[in-house]
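J.: sequence first, predicted model second:
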2 protein chains.
Amino acid sequence: MKEGPDIARIASLVGDPARANMLMALMDGGALTASELALEAGVGLPTASSHLVKLMDGRLLKVASQGRHRYYALAGTEVATMIEAISGVAAGSGPQRARPGPRDKSMREARVCYDHLAGEHAVAMFDRFVAEEIIVHDGEVRLGPAGPAFFAAIGIDTSNLGASRRPMCRACLDWSVRRSHLAGSLGAAILDKIVAEKWARRPAGSRVVEFTPPGRKAFERTFLG
Amino acid sequence: MKEGPDIARIASLVGDPARANMLMALMDGGALTASELALEAGVGLPTASSHLVKLMDGRLLKVASQGRHRYYALAGTEVATMIEAISGVAAGSGPQRARPGPRDKSMREARVCYDHLAGEHAVAMFDRFVAEEIIVHDGEVRLGPAGPAFFAAIGIDTSNLGASRRPMCRACLDWSVRRSHLAGSLGAAILDKIVAEKWARRPAGSRVVEFTPPGRKAFERTFLG
DNA sequence: AGAATGCTTCGACTAACATCGAATGATGCG
DNA sequence: CGCATCATTCGATGTTAGTCGAAGCATTCT
């Protein structure tokens, strides 16, 4: 009767609202302390701690002890991919948010999805990449004929990105716009560049990406043509 | 505090063992009646029915009424993708199965994963495709230079497969072997061919794919070179 | 129409688990 | 060395939700 991996076990881990909030808070790829996660989840410290041991047991989180702080982070990209997949079906299913608040506005515009850019800006960029054949999206996603030259011109060497086992290009379904944006190591490299060029800053403890006015212009000029 | 889609809601749906078993049973892409699902989940009929309404509320299942039978099936590929993703992390996490029984042996050898072939045979095929550059797997997966000719020779027209929004090639992490095999519409087309040629049969109510002796030879000659 | 089958609803029971207060470890600072 | 902070463990409480038996609907077959 029971065959295959124990999917119920780990799904139930994500199934608790407090734990789900923690995982979502870690989707920016950063590491948070137990207290920060407790705050994020909206529960007390003991409760949070109990949840954290459960998540550790399930190998969904990894921890780094640093002095009297313990920094928790997602265990790896597999976990992030799973959460993205769940978000994908959750976006289509759940009761839609009544009225999106101002914070949600920023989130929809530009946010971080584990290690790459998401939101309206990311979708616009994705669309432009497809239009210019910088990437091809015939169901799967891969580098297009105009891709290597384009990225080389802005200082991203695509020949190195395929090295690891990680997909260079991957489509990630955006829960706010219900359209695709670019994930994978290339998506991560782009976000790296945006931050390195100081076009945008990332307020601590949030997934929001705040573009500076000149940064937005530079972003549009570079990626939206 | 709560931002993004309600991932906890749908994760908790998968988090119950009975419901998880139902979903796994439907991962072959088929449709089952409520009683069959009750049997599969190991619960009584009323319990199963209650679970089914929950899964329907979460849009994870779709139903087709046919006479006095109600056939339940996964709502779509998004749901299947999500379950695959969960299986991926569950395979690495959970307590490994003590000693795999004979049924597990068949499952490891060849089984159906929603609509494509999985298991050792599928992994071997995937490896050979990569070696012959029929597909390329530099992280992402796509058709290789030798691909179109190869598939045309065995009656699969790859130019048609990219039409839909669905990925033609996709790597699917195999929970039994911890290696990749081929998913996507191309993977589905291959399984279709195997069944159409009667190289293998699929016992009802199981994900196992049983090759006939001549069928296995034909499969190896065709796909393993 | 009457009987049989498949499925759902209702009601009550039980068990699991999330939650918090208080106490105990662990680490760093003055 | 104590004090303060961060984190975990323990014990007790309350709520949630999975479970089944029995009854109610719907559909099909004779």
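T.: Sure, I can see it. Residues are numbered from 1 along each chain as shown, chains lettered A, B, ... in the order given.

J.: quick check: residues of chain A near DNA strand D?
T.: By CB under 7 Å from any atom of the strand, the residues of chain A that approach DNA strand D are A:33-35, A:45-46, A:48-50, A:52-53, A:68-70. (C-beta placed from N, C-alpha, C; glycine too.)

J.: show the buried residues in those.
T.: Burial by neighbour count, 16 or more other CB atoms under 10 Å in any protein chain shown: within the residues of chain A next to DNA strand D this picks out A:34, A:48-49, A:52, A:70.

J.: using a markdown table, lay out these together with secondary structure and pLDDT.
T.: Shown next, in a markdown table, are these (DSSP: H, G, I helix; E, B strand; the rest coil; pLDDT from 0 to 100):
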| residue | secondary structure | pLDDT |
| --- | --- | --- |
| A:34 | helix | 93 |
| A:48 | helix | 95 |
| A:49 | helix | 95 |
| A:52 | helix | 96 |
| A:70 | strand | 90 |
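
J.: which of those sit farthest apart?
T.: For those, with distances taken as CB to CB, the pair at the greatest spread is A:48 and A:70 (11.3 Å).

J.: need the buried ones among the residues of chain A next to DNA strand D in a markdown table (columns: distance to DNA strand C).
T.: Output for those, formatted as a markdown table (distance: CB to the nearest atom of the strand, whole Å):
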| residue | distance to DNA strand C |
| --- | --- |
| A:34 | 10 |
| A:48 | 8 |
| A:49 | 8 |
| A:52 | 11 |
| A:70 | 9 |
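
J.: of these, which is the nearest to residue A:135?
T.: residue A:52 (38.3 Å).

J.: ok, now how distant is that closest one from residue A:70?
T.: 8 Å (CB to CB, to the nearest Å).

J.: give me the common contacts of these two.
T.: A:34, A:63 (CB atoms under 8 Å, 6 or more residues apart in numbering or on different chains).

J.: other residues contacting stretch A:109-118?
T.: For stretch A:109-118, using CB under 8 Å, 6+ apart, the contacting residues are A:27-29, A:74, A:77, A:80, A:84, A:119-122, A:125, A:172, A:174, A:176, A:181-184, A:187-188, A:190-191, A:194, A:200, A:202, A:207-211.

J.: quick one: the helices in chain A?
T.: Under the criterion DSSP state H, chain A contains helices at A:7-15, A:17-25, A:34-41, A:45-57, A:77-93, A:102-109, A:120-131, A:147-153, A:158-161, A:184-196, A:213-223.

J.: for residue A:184, grab the count of nearby residues.
T.: 23 (other CB atoms under 10 Å in any protein chain shown).

J.: spell out which parts of chain A neighbour DNA strand C.
T.: Looking at DNA strand C, the residues of chain A close enough under CB under 7 Å from any atom of the strand are A:12, A:16-18, A:43-44, A:46-47, A:50-51, A:54, A:65, A:67-68.

J.: again, 6 Å this time
T.: Proximity of chain A to DNA strand C (CB under 6 Å from any atom of the strand) is limited to residues A:16, A:18, A:43-44, A:46-47, A:50, A:67-68.

J.: now, the most widely separated pair of these?
T.: It's A:16 and A:67 that sit farthest apart of those, by CB to CB, at 29.0 Å.

J.: what about the two, which has more around it?
T.: Using other CB under 10 Å, the more surrounded residue of residue A:16 and residue A:67 is residue A:16, with 19 against 5.
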